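> would you be able to build a 3D model of this:
(one chain, ligands or ions: 3)
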Amino acid sequence: DMKLTRTDLERWILDFADQIMEQHLVLSDLDAASGDADHGSNMERGMSALLKSVPDWDGAATPGEFLKEVGLHIVSSVGGSSGALYGTIFLRMARAVGDARTINAGLLSEAFEAAVQGVVDRGKVKQGDKTMLDALAPSVQVLRAKLTDEKSLSEALESAATAAEAGRDATSDMVARKGKSSYARENSRGSIDPGATSVAMLMRSAARTLG
Ligand code: ADP
Ligand code: MG
Ligand code: MG
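Ligands and ions are numbered 1, 2, ... in the order given. Down below sits the predicted model:
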């Protein structure tokens, strides 16, 4: 049975931060299609600050304390709507894992489901609105299904990352109903949502580092 520790979560977040540093221009280009071209720079600012400060988080010993630090850090350093939404993802995960010393399969699913609910609540969004939710929700559904099916964590996370990427690609056909892209209406159709793209990177990082 797998038991994830704070150290495992740190590996995940550092890998995600590295991916953002490499891909931020792509994310801002996607945001240029119907938004304000800053998703990559918003995320890059937050992740570079995170990379600098994580080594000093000695007080964050448990998975929950670590996730809470990540969430608070993102809220205060990533600009734009994505800052509030990514902050919510990690703060809800932190609350869901509570003071558990390690995270097992069931708790990992619960934490990701809490993150999905956080985006729904905070973004007042539903699937099909062309947002990060369209990558996150199907990914977390697949994660839960695979773990319930007693698949290994690495297989479950691999499938979850693939589902996030499929969800990301499916946003291309959608019309944005939330966020800045919604001002572009029909013109938002035909391009992939930037937030769905960064969330797919988050889930791919999880598969690479937690499985
Ligand atoms: P901003 O829109 O403030 O410039 P970003 O460009 O960093 O912020 O983030 C844009 C992304 O945030 C979108 O691609 C979308 O995935 C996500 N987003 C925006 N508004 C919402 C919302 N209300 N609910 C869920 N996700 C949203
Ligand atoms: Mg933007
Ligand atoms: Mg903006």
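> any part of the longest helix belonging to the chain near ligand 1?
Longest helix of the chain, by residue count under DSSP state H: helix 6-34. Yes - for helix 6-34, a contact with ligand 1 is found by C-beta under 6 Å from any ligand atom, at Asp31. In this view, the C-beta of every residue, glycine as well, is placed from N, C-alpha and C.
> and that helix, what does it pack against?
helix 39-53, helix 63-77, helix 194-210 (3 or more C-beta pairs under 8 Å, 6 or more residues apart in numbering; DSSP states H and E).
> and after the second one, which helix or strand comes next?
Going back to what we said before, that points to helix 63-77. The helix or strand immediately downstream of helix 63-77 is helix 80-97, counting by DSSP states H and E.
> go through that next one and flag the buried ones.
80-83, 85-94, 96-97 (16 or more other C-beta atoms under 10 Å).
> kindly report the residues of the protein close to ligand 3.
Proximity of the chain to ligand 3, by C-beta under 5 Å from the ion, involves residues Asp36, Asp38, Gly80.
> please state the offset of stretch 2-15 from the chain centre?
14 Å (C-alpha atoms, centre = their mean, to the nearest Å).
> now stretch 180-194
20 Å.
> do it and ligand 1 come into contact?
Yes - for stretch 180-194, a contact with ligand 1 is found by C-beta under 6 Å from any ligand atom, at Lys180, Asp193, Pro194.
> fine by me, we can end here.
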